[in-house]
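# just coords:
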């Protein structure tokens, strides 16, 4: 296992040295990026905060994690209050100091608000006297009740020109979503600051208004020395739950969040497929088993980048299948949301033991070819898509939309006591 992984990492390192790039569409090509931050003049930081993002927390009914960027090294803050239609709410705002970390000439600020009230609308701004953001609003999750969220596949390529319309259309259709799931490959080149600038510009205030659950893909990694290294931007610009394995290599990518009776689990499939040791494989697997076995909630949603089942023959992720799928089966995970294949596929009824629904999707402009697969009820491609999911008591309602807003596909999962979920097709006629 270790020799095979090392051979792959050495090959990736050689690709990087040759300066290989991924195309917009067509045959998949392995990508690698030099480790230094690739800076550009397109998105320079200023005294006014930008790249503001509301991150998922382990309990978004009482907590909110906020991250932003500026070129100011001075102490920075978040001021927040319960939202009020009267503008004098600002005089009642509470000020909380942020931590600051530096990446080249830029400063990334982060903090986590605690002690918030469930199902409550808050307003906040970030910055300091050198420059403040606008006031943004978010609603904390309720303790229980109906939950809705947005699921987006790989953005990766054509982020500003093409992906922007997808996230904006999804948000326009479901503005009260409790979270947005991004399943990896948010950008194409892990340390390219301009691509991260595009990602934040495309989402705009949406990033600061709805908690994001982000999971890294292979394009959030570099291989300059033949080993996988997470983007230098990742931990600076995302403040994610710290309830993972305890390993530095998996911090900020393996975690869970409990939201209104649903446990959401983020897994790092990249560090399974390219694990540097068997101990690393076992650490994530054992953490997953502990997290599933201790889950007090009715529903379980897993998100990761590399799919258990792919949309084209030959794209096999052996370690994900070997180390994760048996636990999905054992603990009856309800649905697994994935990316990586740049096509759309979903299935449940063809997969023994027929208990977990699997979905693969893409939201950006980079597309791969696809073919009919034994596991899938549907496989299609060359379509930018977004997905709106609602969980209400014993029912999960999954709807897939095209970037232009038309309903493309839909299905229902229904909980049944002592049995696997009942699957119902709900496609538009």
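Cool, the structure landed. As the structure is a computational prediction, the values presented were derived from the model and not from experiment. Residues are numbered from 1 along each chain as shown.

# next, the residue of the chain most remote from its centre: phi, psi?
Distance from the C-alpha centroid of the chain peaks at residue 88, with 35.7 Å (CA atoms, centre = their mean). Torsion angles at residue 88 (phi, psi; degrees, to the nearest 10) stand at phi -80, psi 10.

# what's the answer for residue 220, then?
Torsion angles, degrees, to the nearest 10, at residue 220: phi -90, psi 10.

# isn't it right next to residue 191, touching?
No - in this structure residue 220 lies outside contact range of residue 191 using CB atoms under 8 Å: 9.5 Å. Quick note: C-beta positions are derived from backbone N, CA and C, even for glycine.

# find residues that contact each of the two.
residue 231 (CB atoms under 8 Å, 6 or more residues apart in numbering).

# quick one, strands of the stretch 251-400 of the chain?
Here the stretch 251-400 of the chain has its strands, by DSSP state E, counting those that start in this stretch, at 255-259, 262-266, 299-303, 335-338, 344-347, 357-360, 378-380, 385-392, 395-402.

# assign residue 100 to helix, strand or coil.
strand (DSSP: H, G, I helix; E, B strand; the rest coil).

# my guess is it contacts residue 107, does it?
Yes - if you go by CB under 8 Å, residue 100 and residue 107 touch, sitting 5.3 Å apart.

# any buried residues in stretch 150-169, and which?
For stretch 150-169, the neighbour count (16 or more other CB atoms under 10 Å) marks 150-160, 162-169 as buried.

# same question for stretch 93-103.
93, 98, 100, 103.

# got a list of contacts for that stretch?
With contact meaning CB under 8 Å, 6+ apart, stretch 93-103 is reached by 37, 66, 73, 75-81, 107-111, 113, 124, 126, 232-233, 236.

# again, but for stretch 273-288
Contacts for stretch 273-288 (CB under 8 Å, 6+ apart): 1-2, 5, 8-9, 218, 221, 227-228, 244-245, 247, 249-250, 254, 265, 267-268, 271-272, 306, 317-320, 323-324, 327.

# what subset of the residues you listed is buried?
Using 16+ other CB under 10 Å as the burial test, the contacts of stretch 273-288 include 5, 8-9, 218, 221, 227-228, 244-245, 249-250, 254, 265, 267-268, 271-272, 306, 317, 319-320, 323-324, 327 as buried.

# show me where the stretch 201-350 of the chain has its helices.
234-237, 270-273, 278-293, 318-319, 325-330 (DSSP state H, counting those that start in this stretch).

# for residue 340, which of these is the nearest?
Taking CB to CB, helix 270-273 is the member of the helices of the stretch 201-350 of the chain nearest to residue 340, at 9.5 Å.

# avg pLDDT for that closest one?
Confidence for helix 270-273, expressed as mean pLDDT, is 97.

# having no further points to raise, I will conclude here.
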